[in-house]
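Q: A predicted structure for the sequence below; I have some questions about it.
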Amino acid sequence: MAKNKDARITIALECTSCIRKETGEKSAGICRYTTRKNRRNTPTRLESKKYCFFCRKHTSHRESKR
């Protein structure tokens, strides 16, 4: 039997240098990756270095708000 509340959740990582503050909706110029994390082991926001296709370099990507 599966539990209702799973410890592992799917999150979206988005580029911190491509984020546009003036628009609240999704922009075509923001690079997004999806990954899974354990909610119990990592309660804080996840941040890692990934390749951004729009910046054309490795930048830090942070867990986005959903």
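A: Everything's here; your move. It should be emphasised that the depicted structure is a prediction, and the values quoted were computed from it without experimental measurement. Residues are numbered from 1 along each chain as shown.
Q: contacts, neighbours, all on C-alpha from now
A: Will do.
Q: so Ser60 is in contact with Glu47, correct?
A: Yes: between Ser60 and Glu47 there is a contact under Cα atoms under 8 Å: 6.7 Å.
Q: overlap in contacts of the two?
A: Counting by Cα atoms under 8 Å, 6 or more residues apart in numbering, no residue touches both Ser60 and Glu47.
Q: tell me the average confidence for the host helix or strand of Ile11?
A: Using DSSP states H and E, Ile11 sits in strand 8-15. In this model, strand 8-15 carries a mean pLDDT of 90.
Q: quick one: distance of it to the chain centre.
A: Relative to its chain's centre, strand 8-15 lies at 4 Å (Cα atoms, centre = their mean, to the nearest Å).
Q: buried stuff in that strand?
A: By neighbour count on 16 or more other Cα atoms under 10 Å, the buried set for strand 8-15 is 11-15.
Q: can I get those in JSON lines with distance to Arg56?
A: Formatted as JSON lines, the buried residues of strand 8-15 follow (distance: Cα to Cα, whole Å):
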{"residue": "Ile11", "distance to Arg56": "23"}
{"residue": "Ala12", "distance to Arg56": "19"}
{"residue": "Leu13", "distance to Arg56": "16"}
{"residue": "Glu14", "distance to Arg56": "14"}
{"residue": "Cys15", "distance to Arg56": "11"}
